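In: Predicted structure and sequence below. I'll ask about it afterward.
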Amino acid sequence: MTIEPRGESSVLTSHFEYLDRASRIALDSTLSFRPDFTPLSFESHGKTYRLFSVDASIPRASGAANAFTLEGMAPISAQGLLIRYWLEHGKPASIVVQPSGDSVIVRELPRLTIADVGVDPLRQFTVDGVTWGRQRIWLSASDLHIVAAFSNAGVLGFEAMEPALDPVHEPLIRHAITDRVAEAVSESRALVPRERETFALVGARLIDATGEPPIARSTVVVRNGRIEAAGPADTTNVPRGVPTVDVAGKTILPGLWDMHAHIGFAEWGPVYLASGVTTARDMGGEFDVVTQLRDAWNNGTALGPRLLMAGLVDGPGPGSFGHVTAANPDEGRAAVKRYRDAGFQQMKLYSLLDRPTVAAIIDAAHAAGMTVTGHIPQGLTMREVVEMGMDNIAHLTVRDAPGSDALRDTIAFLKQHGTVIDPTLSWNELLGRSAGTPIAAFIPRVEHVAPPLRRMLDSASGGAVTPAQAHERIARSLQIVKALHDAGVPIVAGTDKGVPGVSLAREIELYVEAGMSPLDAIRAATAVPAKVMGLADDTGTIRPGLRADLIVVDGNPLERMADIEKVVFVSTNGLLYEPTSLWRLGGFTP
């Protein structure tokens, strides 16, 4: 990155580059600006994440008041200039970012002093609206150049900092997420629930997800965050003094589960709840981020789903993914201990692990009472890792042709070993769509997604694939999922890096398109994952004594599965919320 004077202006030239699982991610940008940091022109072309492209060109900036030029979280150096613009122009309440037209809000926080690393005190800022999720940016207090950023690339966390800050990388990020969680706690307290702790939902259709037929007109009584009674309205009494909520004509279901999440920041919490997701399994988030969010969400101090976690471990090398690697069995066992001591329920294997290390991780995890999920490491087959003890498999790794003897043999093998499949069909559909097919054609609610996230998702597709080819690929996957389900292989609903919550509804809809019954599709996102995670006696269905993780939707998902998107109430941690304020808190439009 360089900034050079050019006449009466200056030009930032930035080459932004990093490796993501051995893939080179590069973005080249130029930004010319006046001495007061008013932009004159902007060019940015390349990628900020392996799936998301940037192609922004503003040969002549508008020069309008409170306007800046930037697209996405990179180049990081341009974000420093955005803050300099904000400071120079009197700290306006918002700044319009071109070319998107989105409003960005910058705030300054108290200065941060880091001892014993030889750097000046840092000026701290938050930036809302450049990406989805509140960023934290640090500038040097002496000359206001950017020294660190805590942001996200797509929907995964992204951090950048000067080498001088390497010794304090972990405490700096821990400080950032601690502060962000504190903000989320304060924001959550400001939201007033419809009911607290004890209430009754009266008059709705009840789908309890146990496998029993629905009850046409029901009463569900919640007391102190647990289900006290659930059954036909005619025979289920509401105790005296318990407030009632009339939900006639609607449907009550257990709260939904997303069994393949990658949670990177606090905004995920309210968005998940607004879309009916009350439990999520994180599949490899940054340690300090997910553990702090888990603690705040699970104890109810901040709004978010109950969070379960699979600790990701990969082999070492430039193609490695995540912060935790293991080059040998001893390091694999140490990774298991670290995650188990922090309260993780599972281990997640990744691509570069070798056979001895995989075996050590699986054995150590099982000895510690954990199960194992994840990818099939390179050099191993699906059958080999399942025989070694892998319990769950992420993504649809079954490649045999639908209807073939090979597929039947594979399915019989998985059934015999009790293997659980997390197919992430919605992510495959979104990522593999034809460039000419808008996401709204199959996920209408994407229109309500926070604009920066929407633009990133729009930039990802299967490229030159035709609509017919994209349809053929997803149809093949649907056939395989149906065959797995029919044979009794457990299917659990997960979304990977799609639209939080919104993609989960699409995942369930795809199961119905595959030929699963609507009830079985609902159970794949409720009762089945609860059983897989050993929590069936606590959650996942609507029965007396279980957690009151409930949703109310407008319509009947058994007749029209798209109705599962129409959440009108969500019950979590003993509180009943309407989703409108939750959507807004997460940056989405209700």
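Out: Structure's in. What do you need?
In: Residue 295 - how many residues pack around it?
Out: Residues within reach of residue 295, counting by other CB atoms under 10 Å, total 14. The C-beta positions use only the backbone N, C-alpha and C, and glycine is treated the same way.
In: Under a three-state scheme, what state does it occupy?
Out: Here residue 295 takes the helix state, with states given by DSSP: H, G, I helix; E, B strand; the rest coil.
In: State the distance from it to residue 196.
Out: Counting by CB to CB, to the nearest Å, the gap from residue 295 to residue 196 is 21 Å.
In: Over to residue 393?
Out: When CB to CB is applied, the distance between residue 393 and residue 196 equals 41 Å.
In: now swap in residue 420 and tell me
Out: Distance, residue 420 to residue 196, by CB to CB: 36 Å.
In: and if you look at residue 79?
Out: Residue 79 sits 41 Å away from residue 196, going by CB to CB.
In: Kindly report the same for residue 366.
Out: Taking CB to CB as the measure, residue 366 falls 41 Å from residue 196.
In: Helix or strand with the lowest mean pLDDT in this protein?
Out: Within the chain, confidence by mean pLDDT, DSSP states H and E is lowest for strand 156-161 among all helices and strands, at a mean of 84.
In: Give me the contacts around that one.
Out: Applying CB atoms under 8 Å, 6 or more residues apart in numbering, the set of residues contacting strand 156-161 from outside is 49, 73, 76, 138, 147-152, 169, 172-173, 262, 264-265, 285-286, 289, 497.
In: Please identify the buried residues of stretch 325-342?
Out: Within stretch 325-342, the residues scored as buried using 16 or more other CB atoms under 10 Å are 325, 326, 329, 331, 332, 333, 334, 335, 336, 339, 340.
In: er, stretch 192-210 actually
Out: For stretch 192-210, using 16+ other CB under 10 Å, the buried residues are 193, 195, 198-209.
In: okay if I get these as a markdown table plus pLDDT, secondary structure and distance to residue 376?
Out: Formatted as a markdown table, these follow (pLDDT from 0 to 100; DSSP: H, G, I helix; E, B strand; the rest coil; distance: CB to CB, whole Å):
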| residue | pLDDT | secondary structure | distance to residue 376 |
| --- | --- | --- | --- |
| 193 | 97 | coil | 43 |
| 195 | 97 | strand | 46 |
| 198 | 97 | coil | 47 |
| 199 | 98 | strand | 46 |
| 200 | 98 | strand | 48 |
| 201 | 98 | strand | 43 |
| 202 | 98 | strand | 49 |
| 203 | 98 | coil | 48 |
| 204 | 98 | coil | 43 |
| 205 | 98 | strand | 41 |
| 206 | 98 | strand | 40 |
| 207 | 98 | coil | 35 |
| 208 | 98 | coil | 36 |
| 209 | 98 | coil | 30 |
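In: how many other residues sit next to residue 368?
Out: Using other CB under 10 Å, residue 368 has 15 other residues around it.
In: nearest spatial neighbour of it, skipping sequence neighbours?
Out: Once flanking residues are discounted, residue 368 sits nearest to residue 340: 4.6 Å by CB to CB, 6 or more residues apart in numbering.
In: How confident was the prediction at the one you found?
Out: For residue 340, the pLDDT comes out at 98.
In: for residue 49, same thing?
Out: At residue 49, pLDDT is 85.
In: I'd say it and residue 26 touch.
Out: No: using CB atoms under 8 Å, residue 49 makes no contact with residue 26, being 11.5 Å away.
In: which of those two has more neighbours?
Out: residue 49 (25 against 13).
In: and the gap between that one and residue 141?
Out: 31 Å.
In: Likewise for residue 177?
Out: Remark: distance between residue 177 and residue 141 (CB to CB) = 22 Å.
In: in this protein, which segments are predicted with low confidence?
Out: 115-119, 154-155 (pLDDT under 70).
In: and with 50 instead?
Out: By pLDDT under 50, the chain has no low-scoring segment.
In: Just read off the phi/psi values of the nearest residue to residue 205 once chain neighbours are set aside.
Out: Spatially, and ignoring its direct neighbours in sequence, residue 205 is nearest to residue 251 (4.5 Å; CB to CB, 6+ apart). Residue 251 adopts backbone torsions of phi -130, psi 130, taken as degrees, to the nearest 10.
In: residue contacts, residue 251?
Out: Residue 251 is in contact with 204, 205, 206, 207, 214, 552, 553, 555, 556, 557, 563, counting by CB under 8 Å, 6+ apart.
In: what about 7 Å?
Out: The neighbourhood of residue 251, defined by CB atoms under 7 Å, 6 or more residues apart in numbering, consists of 204, 205, 207, 552, 553, 555, 556, 557.
In: Look up how far residue 214 lies from residue 232.
Out: Separation of residue 232 from residue 214 (CB to CB): 11 Å.
In: Which one of these two is surrounded by more residues?
Out: Neighbour tally, residue 232 and residue 214, criterion other CB under 10 Å: the higher count belongs to residue 214, 17 against 12.
In: Residue 579 and residue 2, how far apart?
Out: Separation of residue 579 from residue 2 (CB to CB) stands at 47 Å.
In: okay, those two: which has more neighbours?
Out: Per other CB under 10 Å, whichever of residue 579 and residue 2 has more neighbours is residue 579, with 22 against 9.
In: Nearest spatial neighbour of the more buried one, chain-adjacent residues omitted?
Out: By the measure of CB to CB, 6+ apart, the closest residue to residue 579 outside its immediate chain neighbours is residue 274, 3.9 Å from it.
In: what sits against the residue nearest to residue 248 when sequence neighbours are not counted?
Out: Ranked by CB to CB, 6+ apart and with sequence neighbours excluded, the top spatial neighbour of residue 248 is residue 203, at 3.3 Å. Residues near residue 203 by CB under 7 Å, 6+ apart: 217, 233, 246, 247, 248.
In: hmm, try it at 6 Å
Out: Residue 203 sits next to 217, 246, 247, 248 when contact means CB atoms under 6 Å, 6 or more residues apart in numbering.
In: what's the answer for residue 530, then?
Out: Contacts of residue 530 by CB under 6 Å, 6+ apart are 536, 539, 540.
In: So which of these is surrounded by the most neighbours?
Out: That'd be residue 540 among the contacts of residue 530, by other CB under 10 Å, with 27 neighbours.
In: wait, that residue sits on residue 525?
Out: No: with contact defined as CB atoms under 6 Å, residue 540 and residue 525 do not form a contacting pair (9.5 Å).
In: Quick check: residue 576 is in a helix.
Out: No: counting by three-state DSSP, residue 576 is not found in a helix; it is strand.
In: any idea how far residue 197 is from it?
Out: Relative to residue 197, and taking CB to CB, residue 576 is found at 9 Å.
In: Could you do residue 568 as well?
Out: Distance of residue 568 to residue 197, computed by CB to CB: 20 Å.
In: same question, residue 449
Out: Residue 449 is 32 Å from residue 197, by CB to CB.
In: ditto for residue 338
Out: Taking CB to CB, one finds residue 338 at 36 Å from residue 197.
In: try residue 62
Out: Here the distance between residue 62 and residue 197 works out to 52 Å (CB to CB).
In: Ok, residue 20 next?
Out: Applying CB to CB to residue 20 and residue 197 gives a distance of 45 Å.
In: circling back to that earlier point, mind checking what helix or strand follows the least confident helix or strand of the chain in sequence?
Out: Remark: after strand 156-161, the chain's next helix or strand is helix 169-189, criterion DSSP states H and E.
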